[in-house]
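Chemist: Sequence plus the predicted model coming up.
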Amino acid sequence: TEKAESVALSVLQPLLRDDSAETRQLLEAATVWLANNCAWEKAAAELGVHRHTLRNRVDAAGRRLGLNLDTLQDRLELWAAVQFLEAGPKTAGPRDA
């Protein structure tokens with residue numbers, strides 16, 4: 001829905017408006033960390049970085065987004081926004097026609 005897209009984009013806007021390599025690393029770090037149930041070691045191994053590097057990137061992403069990723073509410077907000085963004089816009093299905 002347009003409303004869900006709007007919410008997701010507003011959450012991620014501070015990172016999406018800057019397409020630098022550093023910013024892409026921050027978003028990737030947070031995404032992989034969330035996908036690994038916030039397990040630092042596992043996510044760091046998947047990214048091929050030290051867990052402290054991962055923690056620094058996730059913390060930086062949270063600061064730039066204005067989220068406290070130590071809280072479940074903010075983690076869920078970020079997770080939902082990333083999931084929506086990765087899914088992309090939905091095409092009209094039979095019920096939407």
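Modeler: Structure received.
Chemist: Need the pLDDT of Ala87.
Modeler: Ala87 is assigned a pLDDT of 80 by the prediction.
Chemist: Mind listing what's buried along stretch 62-72?
Modeler: Gly62, Leu65, Leu67, Leu69 (16 or more other Cβ atoms under 10 Å). (Each C-beta comes from the backbone N, C-alpha and C, glycine too.)
Chemist: Could you work out the end-to-end span of it for me?
Modeler: 13 Å (Cα to Cα, to the nearest Å).
Chemist: before we move on, back to that, which of the buried residues of stretch 62-72 sit farthest apart?
Modeler: Between any two of the buried residues of stretch 62-72, the greatest separation by Cβ to Cβ is 8.5 Å, found for Leu65 and Leu69.
Chemist: Overlap of the contact sets of the two?
Modeler: Counting by Cβ atoms under 8 Å, 6 or more residues apart in numbering, the residues touching both Leu65 and Leu69 are Leu78.
Chemist: on contacts alone, who are the packing partners of the one helix or strand in the chain whose mean pLDDT sits lowest?
Modeler: Within the chain, judged by mean pLDDT, DSSP states H and E, the helix or strand with the poorest mean is helix 2-16; its value is a mean of 84. Using 3 or more Cβ pairs under 8 Å, 6 or more residues apart in numbering; DSSP states H and E as the contact definition, the elements that helix 2-16 packs against are helix 21-35, helix 51-65, helix 72-87.
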